[in-house]
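**Student:** take a look and give me a structure for this.
(one chain, ligands or ions: 1)
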Amino acid sequence: MRTRTCRKCGETKAFDLFHRHKDCIDGRSYTCKACISAATAAWAKKNPVLVRAQQKRYRAKERTAAWHENRKRREREQMARYRKKHPERVRAARVDYYERNRESLLASAAERYHKNPGPPMARSAVWRAKNKERMKVTQAAWYRKNKEHVLAQQRAYRKKKLAAANAEE
Ligand SMILES: [Zn+2]
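**Tutor:** Below is the predicted model:
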């Protein structure tokens, strides 16, 4: 069993009777738990005003956290009710949002990936790298087959974008 001698009371005690402390040798405090709680109690007795202030701050912090948590929960519930009531509206809004923000969504996805190329995109990147030639062939074949369709789609997209731009002016 690992033991340590407390710097304060001088008793040799089991390791787990000392608090964890990352800055100390072997990751445990040099003063035992009993001594620390005795010291804390003594300090509290000598500083009742400070203790009350500390408790007040702590309670206020807890209240604020609880208030935020409550609000978040209410919003979540509201959202869930809305989604349940109007699934079609939610779907339409999602599609609309994606279409309106497509460029920036793609850009930020690319940026996220650039900053942190972890999974799952990393996996597909690895796959793409491994299968570069295969992808090229498949893509070329697909494009040849669907050329007219792709071009028509691009024309339609440009036309729609132009119309939207005109409508905005
Ligand atoms: Zn001690």
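
**Student:** any idea which helix or strand carries the closest residue to Lys8 other than its chain neighbours?
**Tutor:** What sits nearest to Lys8 in space, not counting adjacent residues and going by Cβ to Cβ, 6 or more residues apart in numbering, is Cys35, at 4.2 Å. Backbone N, C-alpha and C define where each C-beta goes, glycine included. Element membership for Cys35, per DSSP states H and E: helix 33-46.

**Student:** check which helices and strands that helix sits against.
**Tutor:** Packing contacts for helix 33-46, counted by 3 or more Cβ pairs under 8 Å, 6 or more residues apart in numbering; DSSP states H and E, involve strand 18-20.

**Student:** and the strand it packs on with the ion, contact?
**Tutor:** No. Strand 18-20 does not reach the ion (Cβ under 5 Å from the ion); its nearest approach is 8.5 Å.

**Student:** could I get the full set of helices for this protein?
**Tutor:** For the chain, the helices identified by DSSP state H occupy 33-46, 48-85, 87-100, 102-115, 121-130, 132-168, in order along the chain.

**Student:** of all those helices, which one comes closest to Lys22?
**Tutor:** Between Lys22 and the helices of the chain, the shortest separation by Cβ to Cβ is 15.8 Å, and it involves helix 33-46.

**Student:** got the helices of the chain as a markdown table, with mean neighbour count, mean pLDDT and distance to the ion columns?
**Tutor:** Listed next are these as a markdown table, based on neighbours: other Cβ atoms under 10 Å; pLDDT from 0 to 100; distance: least, Cβ to the ion, whole Å:
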| stretch | mean neighbour count | mean pLDDT | distance to the ion |
| --- | --- | --- | --- |
| helix 33-46 | 12 | 95 | 3 |
| helix 48-85 | 10 | 95 | 22 |
| helix 87-100 | 11 | 90 | 61 |
| helix 102-115 | 11 | 84 | 48 |
| helix 121-130 | 12 | 69 | 51 |
| helix 132-168 | 10 | 84 | 66 |
